[in-house]
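Visitor: sequence plus the predicted model coming up.
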Amino acid sequence: MRYLLMILLSFSAMVSMGSKPLELIDSLKVELVNSKSNERVKILLNISEAYRFVNISESYKYGNLALDEVEKINDSLQKAKVLKSMAISSYIDGKYNIAIEFTYKALNIFSQLADKEGVAACYNNIGLFYEEKGEADSALKYYKKSFYYEKLRGDKLGMAYYYLTIGNAFYYKDELINALDNYFKGLKLMQEINNDDGIARFYNVIGVIYEDSKKYEKALEYYSKAEEIFIKQGNEEVLGSIYMNMGELYSMQSKKYKLAQDYFNKALSIKEAHGDKTGIALAYNNLGYLFGYMEDYKTAIKYLNKSYIRYLEVDSKKGLVMVEYNLGLIYNELDKADSSIKYLQKSLNLVNEYGFDDFKMPVYEELLKIYSIKKPEKDLFKKHFDSYISYKNSVIDKLRLSKLREVEFKYDADKIVQDTNKLMQENREKDQLIYQLKMWFMVLGGVLIFIFLIYLFFFKNKT
């Protein structure tokens, strides 16, 4: 599973604390002692956010203190901001339902205050939380609401992030064409506002689409572009996601298992350092299937079980589908058909319940192999075969690869038009400059002639 970069709009201090959060926390605590009542909420909130990747319990503690303080001063806007921040802390802690509850409370206040920026951010974040829970249709609904308010505000950055998040939702629904179309739209907006961080994020997700479409060189090209930007920025947290994708690329395409393992371990170290529970679960999953490719099944099962436990903790249905499928593959390789069927069937149940179409065909294919060869079951084979053929025909109707090229061409065509317009404008500016220079030369020539005539006139009078 590739790692898409999800965006939480309006993170306040999460990244700004830099590489020394404890030093920031100490200075904020000193500032808190001497603060006035109207300043205490902001300082408490900053401390809460600084603790997110250091000590989540302390993060909650100071978040609750900020809530208590804001009640004393009766500041609705500050209360909404604190609630939204508490939601983000809960999300990072893998508590998605609590995150949704906090965000709804913040959303109600922002709506009452007619704060479009706050409303847009809340809708976006709720969409992200539902996406992490594996509820793609709910995620899309909230992303669209967020985009409506970003458009009202004319905020290109917010609109670009909308295209990223809704593209991710389409990706998880296995609608790669819609995903890519949204990614290119977002990339164009980021390029218009010269936002390098955003450009790099879109490079990453476009790389994901190319990898899924088996255009591996193109995928590596985009991953490398993203990596270069994030290294320059020193954005280690996001680099972990890029390394995860590069590890998968090397394990799936070029069979460079040692290189893939190095990238997965680099990603795991970064995710652990930042307390990213979902990222840790994904890294364990990826190491698990990598050892499966290397036929070290004992180590593969160990990593997959670690991943399974962590996905249960964060209630990620998408993650559970993926790990159960991979465990099914491993047990099938070990000729343990019953265990394989158990995990594959659990994976298929979640696929059908939550609409994770990208796993549907692989699960059917594995079940068909088992019921036709290792544990022949005529009725079960026919049942899964009919479902497989039905879904395969619907996939064929999508004409994925031909449309992928069409979307890319549309983006390139827009760029050509953009470049042509820019060139025409430059030519007009050059023509205007030439005209202005000609006029200046004419004036200057006239002045010189006038001076020369005056000189002759006075010279003749003297003689």
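Guide: It's in. Please read these numbers as outputs of a predicted model, since none were measured by experiment.
Visitor: for Asn34, give its distance to Gly63.
Guide: Asn34 is 21 Å from Gly63, where distance means CB to CB, to the nearest Å. C-betas here are computed from N, CA, C, even on glycine.
Visitor: who has more neighbours out of these two?
Guide: Using other CB atoms under 10 Å as the criterion, Asn34 and Gly63 rank with Gly63 on top: 26 against 7.
Visitor: list the contacts of that one.
Guide: Residues in contact with Gly63 (CB atoms under 8 Å, 6 or more residues apart in numbering) are Leu44, Leu45, Ser48, Val82, Ser85, Met86, Ser89.
Visitor: among the residues you listed, which are in helices?
Guide: Members of the contacts of Gly63 lying in helices (criterion: DSSP state H): Leu44, Leu45, Ser48, Val82, Ser85, Met86, Ser89.
Visitor: okay, the third one: pLDDT?
Guide: Predicted confidence (pLDDT) for Ser48: 90.
Visitor: does it touch Ser90 like I think?
Guide: No. Counting by CB atoms under 8 Å, Ser48 sits too far from Ser90 to count as a contact (11.6 Å).
Visitor: one step back: out of the ones in helices among the contacts of Gly63, which is nearest to Asp155?
Guide: Ser85 (20.1 Å; CB to CB).
Visitor: please tell me how far the closest one sits from Ile43.
Guide: As judged by CB to CB, Ser85 and Ile43 stand 13 Å apart.
Visitor: the two: which is more packed in?
Guide: Counted by other CB under 10 Å, Ser85 and Ile43 do not tie: Ser85 has more neighbours, with 26 against 19.
Visitor: thought that one was touching Leu45?
Guide: Yes. Between Ser85 and Leu45 a contact is recorded at 5.8 Å, counting by CB under 8 Å.
Visitor: burial of Lys298, as a residue count?
Guide: For Lys298, the number of neighbouring residues by other CB under 10 Å comes to 9.
Visitor: which element is it on?
Guide: In this assignment (DSSP states H and E), Lys298 forms part of helix 297-314.
Visitor: can you name the next helix or strand after that helix?
Guide: That would be, after helix 297-314 and using DSSP H and E, helix 317-333.
Visitor: what angle do that following helix and helix 297-314 make?
Guide: Angle of helix 317-333 versus helix 297-314, following axes from the mean of the first three to the mean of the last three CA atoms, to 10 degrees, is 160 degrees.
Visitor: next one: helix 317-333 to chain centre, how far?
Guide: On the basis of CA atoms, centre = their mean, to the nearest Å, helix 317-333 is displaced by 24 Å from the centre of the chain it belongs to.
Visitor: got the buried residues for stretch 235-248?
Guide: The neighbour-count check on stretch 235-248 (16 or more other CB atoms under 10 Å) flags Glu237, Val238, Leu239, Gly240, Ser241, Ile242, Tyr243, Met244, Asn245, Met246, Gly247, Glu248 as buried.
Visitor: contacting residues around Leu189?
Guide: Contact partners of Leu189, counting by CB under 8 Å, 6+ apart, are Lys156, Leu157, Met159, Ala160, Tyr163, Gly198.
Visitor: nearest to Ile370 among these?
Guide: Using CB to CB, Tyr163 comes nearest to Ile370 of those, at 40.8 Å.
Visitor: which helix or strand contains that closest one?
Guide: helix 156-172.
Visitor: tell me what that helix is packed against?
Guide: Judged by 3 or more CB pairs under 8 Å, 6 or more residues apart in numbering; DSSP states H and E, helix 156-172 is in contact with helix 116-133, helix 136-153, helix 176-192, helix 196-212.
Visitor: mind listing what's buried in it?
Guide: 156, 158-172.
Visitor: how about stretch 188-198?
Guide: For stretch 188-198, by 16+ other CB under 10 Å, it's Lys188, Leu189, Met190, Gln191, Asn195, Gly198.
Visitor: who's in contact with the residue lying closest to the fifth one once chain neighbours are set aside?
Guide: If I follow you right, that is Asn195. Spatial nearest neighbour of Asn195, chain neighbours left out: Leu157 (6.5 Å); criterion: CB to CB, 6 or more residues apart in numbering. Neighbouring residues of Leu157 by CB under 8 Å, 6+ apart: Leu189, Ile193, Asn195, Gly198.
Visitor: the helix holding Lys298 to helix 116-133, inter-axis angle?
Guide: Going by the same axes, to 10 degrees, helix 297-314 makes 140 degrees with helix 116-133.
Visitor: neighbours of Gly234, how many?
Guide: 9.
Visitor: could you measure from it over to Asp197?
Guide: In terms of CB to CB, Gly234 sits 11 Å off from Asp197.
Visitor: swap in Lys342?
Guide: 44 Å.
Visitor: would you map out the domains in this protein?
Guide: 1-169, 300-398, 410-463 (automatic domain parsing).
Visitor: looking at the ones you listed, which one has the lowest mean pLDDT?
Guide: In terms of average pLDDT, domain 410-463 trails the rest of those, at a mean of 56.
Visitor: Ala114 is in what secondary structure piece?
Guide: In the assignment (DSSP H and E), Ala114 maps to no helix and no strand.
Visitor: burial count for it?
Guide: Applying other CB under 10 Å, we find 8 other residues in the vicinity of Ala114.
Visitor: quick check: it vs Ser76, distance?
Guide: 12 Å.
Visitor: can you put the contacts of Gly63 in a markdown table and add distance to Leu107?
Guide: Output for these, formatted as a markdown table (distance: CB to CB, whole Å):
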| residue | distance to Leu107 |
| --- | --- |
| Leu44 | 22 |
| Leu45 | 18 |
| Ser48 | 20 |
| Val82 | 14 |
| Ser85 | 14 |
| Met86 | 13 |
| Ser89 | 17 |
